[in-house]
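> I'll drop the sequence and a predicted model, then ask my questions.
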Amino acid sequence: MIVTPQILARIVAIVILGVLLQLSFFSEVHVFHTSPDILPALVVVLGLLGGSMTGAVAGFSVGLLLDCLLVAPLGESSLVLLTVGYLAGLYRERFDLSNSLTPPLMCMGLTLLAEAAFAAVRLMLGVDAPISALVVRDILVKSIYAFFLGVPIYLGVRRALRPALITERAASGRGRPTMLGA
Amino acid sequence: MYRKQVRRRRAVLALLVISSFALLTATYGQSSGGLQRGVSAVFAPLQEGADRALKPARDLVNWFDETFDARGQNDRLHTQLEEARRKAVAGEAALSENAQLRSQLGLRRSGAIPSGYQPVAGRVIARSPTVWYSKVTIDKGTSSGVAVNDPVVNGDGLVGRVTSATGGTAQVTLITDPDSAVTGKVVPGGAQGVIKPEVGNPDDLVLDFIDTSQRIAKGEDVVTAGWRAEGLSSLFPPNIPVGTVTEAPIAEQEASSKVHLRPFADMRSLDYLDVLTGGSRN
């Protein structure tokens, strides 16, 4: 990804919009007693489109903004989401993304990892209350939602960042007639 | 060139990880810092706008979920209605007796809101996405008289308390948050204990009671105890309804002095909350 100031502004807008959507909409929606969590999926998509550095920085920023708005201990969500963003970016740099199922599957798998990692961090920091087995159901259902929400998030973010994507540029460039061909 | 790029990438990653740990170490277990209050204040209008704009869509999605739930709830509500009818009749008699006793003792009838508190109605504009934090943000803050540690209720009962506040918003930690603890008492039995949540299940609270000689029965109600001793007092005023006992097996009571409650307030659908301002605080 070629990050120009304009693209950076778009990424910042995507991050803010994603966090606001999560807090004001998705967290308050309950389908089968579980709220979808789009933030790991959003970070995964940014990692898949922009690479490991974009993913890690986006994950850190999303986590920091989330912790600030929720007045939670700073760094908790950042640590989890930067890991997820970095892993998604690493996948993009090492493997092929041509299969259309890759983004939703990555969203599902890494959301599962993010939710489990968040639970692990909370448990390591100490939870002074009994823990219900429903936490496991919550983690699994959230990752299933991430599979379905991963598709529109991927398409939307890819569209918003299209001018910066090298593969998209190459694809659009191929269709144009050259001077020689004219 | 490539090696330089890899080195730079690793350095950025290490910096981010170290920053996360440093922030976590610095802020864990502390109340809200200036950064968090500042960001909350800046984003409050955006959150409020987003909340208002997205409410119809949210209601539509929740309507589908509630329709699924309604089928199962119907039978349970029928049973509860019979129980409530029986209690209402008993309650009428108790109210009449209560009014006489209050007038005899010269106590002021306090109603639903405890005396000395002024309710400030606020709308929920944001909510935590994870079960590990049960927190909501409301659109009322210190400019409306809201202060940290103010109790928060809704029409059904106790919801939580304010844990941080800016000029226009306040963060409410719900009674289902792992960090929450409320002293409660069972009525009419009077057994007292600490109400803690069960993480991940917003329909379940655990009352860890102190007096093991007392027995608690299913269906009994639990209210806030509102204790006061040696200059200290509970953050919650007494007699705010908290929940009803759903599971009270004798074996569990004897073994661990615990019973399970279902909170009266539905923590999944909180739209408007009342912050009880002006009471005693620590």
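Here it is on my side, so go on.
> Report how many residues lie close to B:Gly116.
For B:Gly116, the count of nearby residues is 11 (other Cβ atoms under 10 Å in any protein chain shown). Glycine gets a C-beta too; all of them are placed from N, C-alpha and C.
> so it sits in a helix?
No - the assignment for B:Gly116, made by DSSP: H, G, I helix; E, B strand; the rest coil, is coil rather than a helix.
> My understanding was that it contacts B:Pro238; is that so?
No - taking contacts as Cβ atoms under 8 Å, B:Gly116 lies outside contact range of B:Pro238: 11.6 Å.
> which regions of chain A sit below the pLDDT cut-off?
Scanning chain A for pLDDT under 70 picks out A:166-182.
> now the helices for it?
Here chain A has its helices, by DSSP state H, at A:5-24, A:39-50, A:52-70, A:76-94, A:102-125, A:134-160, A:166-175.
> can you redo the ones you listed as CSV with mean neighbour count and distance to B:Gly193?
Converted to CSV, the helices of chain A look like this (neighbours: other Cβ atoms under 10 Å in any protein chain shown; distance: least, Cβ to Cβ, whole Å):
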stretch, mean neighbour count, distance to B:Gly193
helix A:5-24, 18, 34
helix A:39-50, 30, 37
helix A:52-70, 26, 29
helix A:76-94, 24, 30
helix A:102-125, 20, 25
helix A:134-160, 19, 23
helix A:166-175, 10, 61
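> I'd like to know which of those is closest to B:Ala126.
Proximity to B:Ala126 (Cβ to Cβ) singles out helix A:5-24 among these, at 3.8 Å.
> what about the helices of chain A, which gets the closest to B:Gly184?
Counting by Cβ to Cβ, B:Gly184 lies closest to helix A:134-160 out of those; the figure is 22.5 Å.
> Are that closest one and chain B in contact anywhere?
Yes - interface with chain B: helix A:134-160 contributes A:Leu134, A:Val135, A:Asp138 (Cβ under 8 Å from any Cβ of the partner chain).
> How about the backbone phi and psi for the residue nearest to the first one when sequence neighbours are not counted?
Setting aside the residues directly before and after it, A:Leu134 is nearest to B:Gly200 in space (Cβ to Cβ, 6 or more residues apart in numbering or on different chains), at 4.3 Å. Its backbone dihedrals place B:Gly200 at phi 100, psi -10, with angles given as degrees, to the nearest 10.
> Tell me the confidence at B:Gly200?
We note a pLDDT of 81 for B:Gly200 in this prediction.
> quick check, the helix or strand where B:Leu95 lies touching chain A?
Element membership of B:Leu95 [criterion: DSSP states H and E] is helix B:34-105. Yes - under the criterion of Cβ under 8 Å from any Cβ, helix B:34-105 makes contact with chain A via B:35-37, B:39-40, B:43, B:46-47, B:50-51, B:54, B:57-58, B:61-62, B:64-65, B:68.
> which helices and strands does that helix pack with?
Packing partners of helix B:34-105 (3 or more Cβ pairs under 8 Å, 6 or more residues apart in numbering or on different chains; DSSP states H and E): helix A:5-24, helix A:52-70, strand B:118-127, strand B:158-165.
> Mind giving me the packing neighbours of the first one?
Spelled out, it's helix A:5-24. Looks like helix A:5-24 contacts helix A:39-50, helix A:52-70, helix A:134-160, helix B:34-105, strand B:118-127 (3+ Cβ pairs under 8 Å, 6+ apart).
> remind me which residues of chain B are low pLDDT?
For chain B (pLDDT under 70), the answer is B:1, B:29-32, B:89-90, B:92-94, B:96-114, B:210-212, B:228-232, B:280-282.
> on that earlier part again, looking at the helices and strands packed on helix B:34-105, which is closest to B:Val194?
strand B:158-165 (13.7 Å).
> any idea how far whichever helix or strand comes after the closest one is from the chain center?
Using DSSP H and E, the helix or strand that directly follows strand B:158-165 along the chain is strand B:170-174. Centroid separation for strand B:170-174 versus its chain: 8 Å, with Cα atoms, centre = their mean, to the nearest Å.
> returning to that earlier point: the helices and strands packed on helix B:34-105 into CSV, with extra columns for distance to A:Leu149?
CSV is the format used below for those (distance: least, Cβ to Cβ, whole Å):
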stretch, distance to A:Leu149
helix A:5-24, 11
helix A:52-70, 15
strand B:118-127, 17
strand B:158-165, 29
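> Which one of the ones you listed lies nearest to A:Asp128?
strand B:158-165 (15.2 Å).
> Which of the residues in that closest one are classified as buried?
Applying a neighbour-count criterion of 16 or more other Cβ atoms under 10 Å in any protein chain shown, one finds B:Leu158, B:Val159, B:Gly160, B:Arg161, B:Val162, B:Thr163, B:Ser164, B:Ala165 buried in strand B:158-165.
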